[in-house]
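K.L.:
Based on what follows, work out the 3D shape:
(one chain, ligands or ions: 1)
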Amino acid sequence: MSTNSIDSLQHEGPRFAPSPEFTANAIASGQLYEQAQADRLGFWATQAKALHWHRDFTQVLDWSDAPFAKWFADGELNVAYNCLDRHVLAGNGERIAIHWEGEPGDSRSISYAELTAEVKQAANLLTKLGVSSGDTVAIYLPNVPEALISMLAVARIGAIHSVVFGGFSAESLRQRIDDAQAKLVITADGGWRKGKVSPLKPAVDGALALNKETPSSVEHVLVVKRGENEVEWVEGRDLWWHEQIATVDSEHEAQGFEAEHPLFILYTSGTTGKPKGILHTSGGYLTQAAFTHRSVFDLHPETDVYWCTADVGWITGHTYAVYGPLANGATSVIYEGTPDAPHAGRWWEIIQKYGVSLFYTAPTAIRTFMKLGRQIPDGFDLSSLRVLGSVGEPINPEAWIWYRDVIGAGTAPVVDTWWQTETGAMMISALPGVTTLKPGSAQVALPGISIEVLDEQGEPVAAGGGGLLVVAEPWPSMLRGIWGDPERFKETYWSKFGTKYFAGDGARLDEDGDIWLLGRVDDVMNVSGHRLSTAEIESALVSHPMVAESAVVGAADEVTGQAVVAFVILRAEHAGTLPDEEASSALRKHVAEQIGAIARPRQIFIVGELPKTRSGKIMRRLLQDVAEGREIGDTTTLADADVMKFITEALPGGAGASA
Ligand code: WTA
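P.N.:
Numbering: from 1, shown residues only. Model prediction:
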């Protein structure tokens with residue numbers, strides 16, 4: 001979004017104040033801001049005490065070893081107990097925890113009592129398979145109940161999960177298994193996507209067969225039977241979930257673990273080719289997950305039905321499909337498949353079926369539905385919806401208004417929530433019963449969170465100014481490090497502004513002090529709300545024998561926010577041997593195999609040269625101009641000023657040509 005359009009919206013755009021009825025019944029009131037303002041640490045201690053502690057904490061924050069924070073360090077808790085047993089013991093065992101909806105239309109409603117029993121059993125199974133506290137378990141599953149059950153069972157015994165999104169390739173999976181030294185992989189024969197069962201087990205087999213010289217750390221592969229896919233079987237290593245689970249007890253007593261006990265690792269793209277294993281721990285993470293979930297969605301657990309459409313393989317799935325809602329005793333919908341299977345109204349049909357009242361999704365989905373037209377959602381009864389959330393990328397005001405009008409019947413508040421894998425939970429968002437909403441702006445820091453917008457020198461920008469988004473004080477659900485790489489952790493997030501966390505996002509403050517996110521300021525792209533690294537895709541491209549050099553940029557895309565566009569120089573012996581379209585389609589496929597389908601470039605341009613500065617740095621800005629079909633910007637710092645001319649002249653039909 002251009003600065004001009006932000007300016008005009010800032011002054012003229014519509015505003016939506018909460019209705020008096022909403023405010024009167026709201027879970028979160030404006031007093032939260034005052035309490036947090038008066039005593040930030042006391043405020044978080046109060047939120048933490050809403051959980052069950054096996055041993056109470058006396059310390060709140062220890063920041064003496066910054067940037068390595070400790071929250072509630074002398075307390076002990078069990079994350080799974082907080083999400084399960086606690087609710088059963090409080091008399092809510094009959095409440096539905098999960099309405100699970102399979103893509104082909106099969107479904108299962110699982111109560112808190114049933115989910116607790118299944119997790120206890122799975123915890124016993126993990127123990128039987130030799131997994132214990134501190135071990136890591138890779139989870140590579142579709143969005144099926146066993147994904148949540150596995151995560152909770154791992155947490156229950158103090159092991160560490162590393163969920164790998166099912167769309168990642170065998171190579172990506174192996175990289176993550178090796179980095180975390182996972183002992184066990186939990187997968188499925190497949191999962192339903194777009195009307196067919198897409199296989200998962202073969203990717204695990206492929207991953208474990210890679211790098212034969214260094215055998216993987218994996219001892220067992222536990223396989224959930226979801227489809228009827230044929231699977232290859234390695235005797236002794238591979239085990240069926242349903243057979244194994246039948247052999248173990250459903251009694252399991254949860255023990256307390258220290259608040260700083262690791263809970264999970266989740267890999268995310270950074271500015272180099274190697275993904276970062278973001279580490280989260282137990283007490284602080286669960287505190288902020290639960291607090292933000294109930295406050296931002298105005299959760300009334302007795303009556304609301306909540307649906308977060310994210311796959312459990314992403315941080316949004318971890319915090320807002322699993323830990324936040326379950327810690328709060330909410331009833332959630334979990335859906336396995338894609339929004340358009342078997343028909344374009346599938347999501348709206350699910351909302352109607354379960355009476356979903358709180359809904360959380362990504363702008364890219366909303367823009368896709370906008371394009372399809374309102375007649376599709378208009379065909380369903382969406383009157384149960386009362387709060388709508390957005391996450392993953394900036395939501396443009398047009399999409400925001402459409403979301404409120406068409407999905408929210410012109411009354412449901414839209415909360416735009418800014419946060420990251422690293423922050424663990426929401427950091428910036430409106431509170432629906434308090435804030436007057438401003439479409440397009442994520443608005444204000446949540447109570448207890450300290451956000452600043454700074455210039456390069458670390459000075460706060462004035463109202464109306466743009467700069468870098470920073471978290472000025474430690475927060476409970478903050479990342480505790482990058483797995484196995486403390487130096488990279490310090491360098492990436494803490495070398496720019498000392499003990500203030502550098503988020504990597506640009507932001508602007510308007511005259512009211514509201515925050516407008518402007519996208520990443522580093523070489524990280526955001527495609528459909530998913531982070532992709534330009535360096536990672538470039539290294540996948542150059543791993544192909546045809547490729548000499550590559551440069552990847554994120555180009556603006558109407559639906560996905562950004563799209564991956566690559567510029568590739570072929571090795572001399574390959575140049576001209578294939579028509580450009582064939583070469584680029586082979587390379588697009590190669591990237592999907594190396595990283596996963598989400599990273600497959602929208603376009604690949606085969607070029608003779610890349611624009612470089614005299615010091616050899618690729619000028620991505622110029623390539624971005626080409627990719628977005630714009631006039632080429634300033635080329636004076638190029639080593640060879642004619643390069644851009646050659647590139648644009650060589651492109652068939654200019655930049656718009658698709659690969
Ligand atoms: C972007 C997803 C604008 C941002 C929870 C951030 C957003 C990255 C918003 C994190 C938002 C997320 N408005 N941009 N409401 N939410 N982002 O780790 O660039 O997958 O740094 O976490 O997404 O992506 P991640």
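
K.L.:
Tell me where the model's unsure across this protein.
P.N.:
Low-confidence segments of the chain (pLDDT under 70): 1-12, 652-659.

K.L.:
Those residues of it touching the ligand, which are they?
P.N.:
With CB under 6 Å from any ligand atom as the criterion, the chain meets the ligand at residues 268, 315-316, 391-394, 416-421, 442, 503-505, 517, 520, 526, 531. For glycine as for every other residue, the C-beta is placed from the backbone atoms N, C-alpha and C.

K.L.:
In strands only, show me these.
P.N.:
268, 391, 416-417, 503-505, 517, 520, 526, 531 (DSSP state E).

K.L.:
Show the contacting residues for the residue in the stretch 301-450 of the chain that the ligand sits nearest to.
P.N.:
Closest residue of the stretch 301-450 of the chain to the ligand, CB to the nearest ligand atom: T421 (3.4 Å). The contact partners of T421, by CB atoms under 8 Å, 6 or more residues apart in numbering, come to 266, 268, 278, 314-315, 479, 531.

K.L.:
All the strands of the stretch 151-300 of the chain, residue numbers only.
P.N.:
Remark: strands assigned in the stretch 151-300 of the chain by DSSP state E, counting those that start in this stretch are 160-163, 184-188, 190-193, 196-199, 220-224, 238-240, 257-258, 262-268, 276-281.

K.L.:
which one of those strands is the most hemmed in?
P.N.:
A comparison of the strands of the stretch 151-300 of the chain by mean neighbour count, using mean count of other CB atoms under 10 Å, puts strand 184-188 on top with a mean of 28.

K.L.:
Would you give the sheet partners of it, along with the direction of each?
P.N.:
Strand pairing for strand 184-188, using DSSP bridges, gives strand 136-140 (parallel), strand 220-224 (parallel).

K.L.:
now the angle between strand 276-281 and the first one, please.
P.N.:
Computed with axes from the mean of the first three to the mean of the last three CA atoms, to 10 degrees, the direction of strand 136-140 lies at 120 degrees from that of strand 276-281.

K.L.:
what's in contact with strand 136-140?
P.N.:
The contact list for strand 136-140 (CB under 8 Å, 6+ apart) reads 126, 131, 147, 150-151, 154, 159-164, 166, 168, 173, 176-177, 180-187, 200, 203-204, 218, 265.

K.L.:
Give me the domain ranges for this protein.
P.N.:
As recorded under automatic domain parsing, the domains making up the chain are 109-244, 528-654.

K.L.:
start to end distance for the first one?
P.N.:
With CA to CA, to the nearest Å as the measure, domain 109-244 spans 23 Å from end to end.

K.L.:
looking at the domains of the chain, which is buried most?
P.N.:
Using mean count of other CB under 10 Å, the stretch among the domains of the chain with the greatest mean number of neighbours is domain 109-244 (a mean of 20).

K.L.:
circling back: nearest to L469 among the strands of the stretch 151-300 of the chain would be which one?
P.N.:
The minimum distance between L469 and those falls on strand 262-268, with 16.7 Å, by CB to CB.

K.L.:
Packing partners of that closest one?
P.N.:
helix 145-156, strand 160-163, helix 170-180, strand 276-281 (3 or more CB pairs under 8 Å, 6 or more residues apart in numbering; DSSP states H and E).

K.L.:
Ok, which of the ones you listed comes nearest V387?
P.N.:
Among the helices and strands packed on strand 262-268, the nearest to V387 by CB to CB is helix 145-156 (22.3 Å).

K.L.:
Check what contacts the closest one and list those residues.
P.N.:
In this structure, residues lying in contact with helix 145-156 by CB under 8 Å, 6+ apart are 78-81, 83-84, 98, 100, 108, 110, 115, 118-120, 122-123, 125-126, 131, 137, 139, 141, 160-161, 163, 186, 188, 224, 241, 252, 254, 263-264, 282, 312, 318, 321-322, 326, 334.

K.L.:
Pull the distance from that helix to the chain's centre.
P.N.:
Computed by CA atoms, centre = their mean, to the nearest Å, the chain-centroid distance of helix 145-156 equals 18 Å.

K.L.:
Hey, what's the angle from that helix to strand 184-188? Just curious.
P.N.:
160 degrees.

K.L.:
Could you export helix 145-156 as CSV, CA atoms only?
P.N.:
Extracted in CSV, the C-alpha atoms of helix 145-156 (Å, rounded to 0.1, in the frame of the first residue of the first chain):
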residue,chain,number,x,y,z
PRO,A,145,-7.6,-34.6,15.6
GLU,A,146,-4.4,-36.7,16.0
ALA,A,147,-2.3,-33.6,15.2
LEU,A,148,-3.7,-31.8,18.3
ILE,A,149,-3.6,-35.0,20.3
SER,A,150,0.0,-35.5,19.4
MET,A,151,1.0,-32.0,20.2
LEU,A,152,-0.7,-32.2,23.6
ALA,A,153,0.7,-35.6,24.4
VAL,A,154,4.2,-34.4,23.6
ALA,A,155,3.6,-31.4,25.9
ARG,A,156,2.1,-33.6,28.6
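
K.L.:
Quick one, which of the strands paired with strand 184-188 gets closest to W475.
P.N.:
Using CB to CB, the strands paired with strand 184-188 put strand 136-140 closest to W475, at 24.9 Å.

K.L.:
Could you export the domains of the chain to CSV, including columns for distance to K496?
P.N.:
CSV is the format used below for these (distance: least, CB to CB, whole Å):
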stretch, distance to K496
domain 109-244, 25
domain 528-654, 19
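
K.L.:
G190 is in contact with V224, correct?
P.N.:
No - when contacts are counted by CB atoms under 8 Å, V224 is not listed as touching G190 (9.6 Å).

K.L.:
and whichever helix or strand H99 is part of, which strands flank it?
P.N.:
Taking DSSP states H and E as the definition, one finds H99 inside strand 96-101. Within its sheet, strand 96-101 is paired with strand 107-111 (antiparallel), strand 331-335 (parallel), according to DSSP bridges.

K.L.:
Can you tell me what sits against whatever helix or strand comes next after the last one?
P.N.:
Under the assignment DSSP H and E, the closest C-terminal helix or strand after strand 331-335 is helix 346-354. Defining contact as CB under 8 Å, 6+ apart, one finds that helix 346-354 is touched by 99, 101, 305, 307, 309, 333, 335, 337-340, 343, 356, 359, 376-377, 379-382, 384-385.

K.L.:
go with 6 Å
P.N.:
Helix 346-354 is contacted from outside by 99, 101, 305, 333, 335, 339, 377, 380-382, using CB atoms under 6 Å, 6 or more residues apart in numbering.

K.L.:
repeat for stretch 43-57
P.N.:
Contacts with stretch 43-57, where a contact means CB under 6 Å, 6+ apart, come from 35-36, 60, 72, 74-77, 82, 86, 256, 287, 291, 448, 476.

K.L.:
Ok, stretch 607-622 next?
P.N.:
Contacting residues not belonging to stretch 607-622 are listed as 551, 553, 567, 632, 637-639, 643-644, 646-647 [CB under 6 Å, 6+ apart].

K.L.:
do that again at 10 Å, thanks
P.N.:
Outside stretch 607-622, the residues that touch it by CB atoms under 10 Å, 6 or more residues apart in numbering are 523, 534, 538, 549-554, 566-570, 575, 580, 623, 625-627, 630, 632-635, 637-644, 646-648, 650-651.

K.L.:
Give me the subset of the residues you listed that lies in helices.
P.N.:
Counting by DSSP state H, the part of the contacts of stretch 607-622 found in helices is 534, 538, 580, 623, 625-627, 643-644, 646-648, 650.

K.L.:
Go through the residues you listed and name the one nearest T368.
P.N.:
Closest approach between the ones in helices among the contacts of stretch 607-622 and T368, by CB to CB: A627, at 21.1 Å.

K.L.:
The stretch 351-500 of the chain: helices as residue ranges?
P.N.:
Remark: helices assigned in the stretch 351-500 of the chain by DSSP state H, counting those that start in this stretch are 363-372, 375-378, 397-402, 486-494.
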